[in-house]
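# show me the folded form of this:
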Amino acid sequence: MINISYLYIFCLSSDGFKMYVVSRCDFNSTELKDIKYIRSYYYNKIEVTRFDSDVRKFVGFTGFGVKQAKHFNSQPGRLATLKAEKERYCQHNIGIWYSNVLPKSAKPYVRLHSTTPPSGSHEAMTLRPGSGPET
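Have a look, this model is predicted:
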């Protein structure tokens, strides 16, 4: 599954606590049925609340998050807006990513090297990124 995210960061100045929102699109193809839109709300690196387009509502992960999810789920306009993001944001941009970005991706590879560590007689395998495929 491919995941593309965009990140909003809101920093609160009181005692350095941070609140931020991550919206992402998980997808296997450009078909709407293969796309999931997720918006997660974090506070101090802990996910508090999440909207998932497959679940079609907010879910809370902390005591405060459960209360927030209940409040957000009581707002039909907010739910409708987020449900529409799957098509408006994800499907639209995934088509662009498939046609422009993904075809230009380089195939990943590694090279294995056998070495003997200075402190022992057993060989060890190490992974090193290469500069290109061996010719």
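# per-residue pLDDT, L127?
Listed pLDDT for L127 reads 57.
# the helix or strand I94 falls within: what's the following helix or strand?
Assigned by DSSP states H and E, I94 falls within helix 92-96. The C-terminal neighbour of helix 92-96 among helices and strands, as given by DSSP H and E, is strand 111-115.
# partners of that following strand, with directions?
Strand pairing for strand 111-115, using DSSP bridges, gives strand 124-128 (antiparallel).
# mind listing what's buried in the helix holding I94?
For helix 92-96, the neighbour count (16 or more other CB atoms under 10 Å) marks I94 as buried. No exception for glycine: its C-beta is placed from N, CA and C like everyone else's.
# what does that helix rub up against?
The contact list for helix 92-96 (CB atoms under 8 Å, 6 or more residues apart in numbering) reads I4, C25, F27, T30, I35.
# so how far is that helix from its chain's centroid?
Put simply, helix 92-96 sits 16 Å off its chain's centre (CA atoms, centre = their mean, to the nearest Å).
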